[in-house]
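# Kindly return the folded structure for what I paste below:
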Amino acid sequence: MRVLHTADWHLGKTLRGVSLHEDHAHVLNQIFETVVAEQVDVLIVAGDVYDKASPSEAAIKLYSDFLERVHIETESAIVVIAGNHDSGQRLGTASKLFDRNRILVRGPVSNDELPLVLEDGAGPVAISALPYAEIYAARRAFGDESIRSPEDVLRAQIAAAKAHVPETARWIVVAHAFVTNCQPSESERTLSVGTVETVPSSIFDGANYVALGHLHRPQIAGRDSIRYSGSPLAFGFDEAGTTKSMTIFDLDPDGQIVDLRSVAFQPLRHVREVMGHLADLIADAANHPSNDYIRAILLDEGALIEPAAQLRPYYPNILQTLREKTRELVMNSAGRAQSKLDDPIGVIGEFLEYVRGEGSTDQELEVTKEVLDQPILEDTE
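Numbers count the residues shown, from 1 in each chain. The predicted structure follows:
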């Protein structure tokens with residue numbers, strides 16, 4: 001049985017305020033083409049179909065059109081779970097209308113973890129789809145007040161799922177979790193507050209393959225058969241220059257994973273950084289214009305006049321400019337002053353640090369203090 005594992009589509013997401021709708025449509029088309037070209041038996045989407053619980057109409061249409069296209073034009077089965085960005089209720093609303101022999105969409109958590117059971121020449125394959133669930137929702141679903149962490153939630157789901165796996169079936173688990181020792185990205189949202197959000201890979205013992213979502217970098221999670229496919233697009237500049245991919249493999253009659261490989265996405269626009277002095281960057285951009293999503297790291301000293309505007313004729317999707325000296329500061333503060341507004345000297349110093357790469361000089365500090373110490377004259381007329 002051939003399986004295609006994808007995750008973390010985040011339909012409706014923007015990158016620094018710019019819509020990624022066209023970029024998403026482009027990669028979804030590549031997923032469909034891979035399903036056809038590779039004669040995929042099962043397509044998995046391991047959570048975070050949407051970027052937010054209330055997605056736009058355009059994002060909903062993109063998802064529903066894709067599902068319909070796969071269902072009508074291929075023989076592939078489809079398994080989808082809700083992630084922590086999705087509304088489980090919204091994602092699972094129409095699930096009862098789907099072809100239950102081919103499509104399993106799991107939205108809300110349930111204590112009745114029924115798998116999608118498929119047959120190939122070697123017998124049954126059970127696919128347990130375990131949607132992301134908040135701790136309190138899992139307590140209600142399983143009637144268990146001892147559930148206090150994401151690990152407890154997943155253990156309850158797996159125990160419920162195992163009870164419905166046919167004895168002779170090979171077993172695939174689809175889950176949305178943060179496995180210990182795996183590498184996150186900037187664009188992921190924390191799964192829990194006040195508890196440990198990671199889960200051990202041993203929690204999946206007994207499964208032949210575990211298709212994970214949540215972390216956006218493709219990676220192995222403990223052993224070769226437990227994997228994150230990663231997101232189809234880079235959603236932050238910390239992923240600039242990385243290759244995004246989906247994972248494809250065959251499940252053989254003995255339950256072994258064979259011919260496991262990555263299929264690289266070819267994005268409509270890359271996410272990348274350029275670094276140098278502004279004049280050099282402008283000259284290079286003029287010779288090599290690009291529609292990629294760009295962050296420019298500037299090495300110039302002193303004031304610059306609207307560097308992004310100067311680069312935009314050649315880089316229409318330039319999204320950010322930073323000074324190399326203040327890169328750490330600006331990335332952490334998102335351009336906002338850390339000083340309180342009742343400390344104007346601190347705010348002014350941070351502003352100078354932001355625009356020119358260094359804070360106030362002693363002379364500037366004295367002038368600032370003199371101005372701030374002057375009495376405020378009120379107009380009494």
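# So which residues of the stretch 51-200 of the chain form strands?
When assigned using DSSP state E, counting those that start in this stretch, the strands of the stretch 51-200 of the chain occupy the ranges 77-81, 103-106, 116-120, 123-130, 170-176, 178-179, 198-199.
# Output the ones you listed as TSV; include the columns distance to Ala25 and mean neighbour count.
To be clear about C-beta, it is placed using only N, CA and C from the backbone, and glycine gets the same treatment. As requested, those are exported to TSV (distance: least, C-beta to C-beta, whole Å; neighbours: other C-beta atoms under 10 Å):
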stretch	distance to Ala25	mean neighbour count
strand 77-81	18	25
strand 103-106	21	23
strand 116-120	27	16
strand 123-130	25	22
strand 170-176	23	27
strand 178-179	29	24
strand 198-199	33	19
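# Quick one: closest of these to Asp48.
Taking C-beta to C-beta as the criterion, strand 170-176 is the member of these that comes nearest to Asp48, at 7.1 Å.
# Partner strands of the closest one and their direction?
Sheet neighbours of strand 170-176, with direction, are listed as strand 123-130 (parallel), strand 209-213 (parallel) (DSSP bridges).
# Dump the C-alpha coordinates for the longest one into PDB.
It refers to strand 123-130. Once non-C-alpha atoms are left out, strand 123-130 reads as follows in PDB (Å, rounded to 0.1, in the frame of the first residue of the first chain):
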ATOM      1  CA  GLY A 123      -4.900  -8.000   4.200                       C
ATOM      2  CA  PRO A 124      -6.200  -5.100   6.200                       C
ATOM      3  CA  VAL A 125      -4.500  -1.800   7.000                       C
ATOM      4  CA  ALA A 126      -6.000   0.200   9.900                       C
ATOM      5  CA  ILE A 127      -5.400   4.000   9.900                       C
ATOM      6  CA  SER A 128      -6.200   5.700  13.300                       C
ATOM      7  CA  ALA A 129      -6.700   9.400  12.900                       C
ATOM      8  CA  LEU A 130      -6.100  11.200  16.200                       C
END
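# hmm, who's touching it?
Residues external to strand 123-130 that are found in contact with it (C-beta atoms under 8 Å, 6 or more residues apart in numbering): 1, 42, 44, 77, 79-81, 104-106, 113, 115-119, 154, 157-158, 161, 164-166, 168-176, 251, 253.
# hey, which helix or strand in this structure has the poorest pLDDT?
Confidence across the helices and strands of the chain bottoms out at helix 327-333, with a mean of 43, counting by mean pLDDT, DSSP states H and E.
# re earlier: could the strands of the stretch 51-200 of the chain be laid out in CSV, adding distance to Asp280?
Formatted as CSV, those follow (distance: least, C-beta to C-beta, whole Å):
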stretch, distance to Asp280
strand 77-81, 47
strand 103-106, 51
strand 116-120, 56
strand 123-130, 51
strand 170-176, 44
strand 178-179, 41
strand 198-199, 44
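# Please name whichever of those is nearest to Ala283.
With C-beta to C-beta as the measure, strand 178-179 is the member of the strands of the stretch 51-200 of the chain nearest Ala283 (43.9 Å).
# So Ala309: helix, strand or coil?
For Ala309, the reduced secondary structure class is helix; criterion used: DSSP: H, G, I helix; E, B strand; the rest coil.
# how close does it get to Ile282?
Distance check for Ala309 against Ile282: by C-beta to C-beta, to the nearest Å, it reads 11 Å.
# Comparing the two, which shows the higher neighbour count?
Ile282 (18 against 10; other C-beta atoms under 10 Å).
# any idea which element the more buried one lies in?
helix 278-287 (DSSP states H and E).
# avg pLDDT for the next helix or strand after that helix?
Moving toward the C-terminus from helix 278-287, the first helix or strand encountered (DSSP H and E) is strand 293-298. The average pLDDT for strand 293-298 rounds to 96.
# before we move on, what about stretch 123-139?
Averaging pLDDT along stretch 123-139 yields 96.
# what about it, start to end distance?
Separation of the first and last residues of stretch 123-139 by C-alpha to C-alpha, to the nearest Å is 35 Å.
# Would you pull up how far it lies from the middle of the chain?
Centre-to-centre, stretch 123-139 and its host chain are 20 Å apart (C-alpha atoms, centre = their mean, to the nearest Å).
# ok, back up a step: quick one, the helix holding Ile282 and strand 293-298 angle?
Here helix 278-287 points in a direction 150 degrees away from that of strand 293-298 (axes from the mean of the first three to the mean of the last three C-alpha atoms, to 10 degrees).
# Pull out the CA atoms of helix 278-287 and give them to me as CSV.
The C-alpha coordinates for helix 278-287 follow below in CSV (Å, rounded to 0.1, in the frame of the first residue of the first chain):
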residue,chain,number,x,y,z
LEU,A,278,22.0,48.8,0.2
ALA,A,279,23.7,50.1,-2.9
ASP,A,280,25.1,46.7,-3.7
LEU,A,281,21.8,45.0,-3.0
ILE,A,282,20.0,47.4,-5.3
ALA,A,283,22.5,46.8,-8.1
ASP,A,284,22.2,43.0,-7.7
ALA,A,285,18.4,43.2,-7.6
ALA,A,286,18.3,45.3,-10.8
ASN,A,287,20.3,42.6,-12.5
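# Any buried residues in it, and which?
278, 281-282, 285 (16 or more other C-beta atoms under 10 Å).
# Who are the packing partners of that helix?
For helix 278-287, the elements it packs on are strand 271-276, strand 293-298, helix 307-311, judged by 3 or more C-beta pairs under 8 Å, 6 or more residues apart in numbering; DSSP states H and E.
# repeat that for 6 Å
helix 307-311 (3 or more C-beta pairs under 6 Å, 6 or more residues apart in numbering; DSSP states H and E).
# what does the helix it packs on rub up against?
With C-beta atoms under 6 Å, 6 or more residues apart in numbering as the test, helix 307-311 has contacts from 278, 282, 285, 318, 321.
# Checking my notes, the last one in a helix, right?
No - secondary structure of Thr321, determined by three-state DSSP: strand, with no helix assignment.
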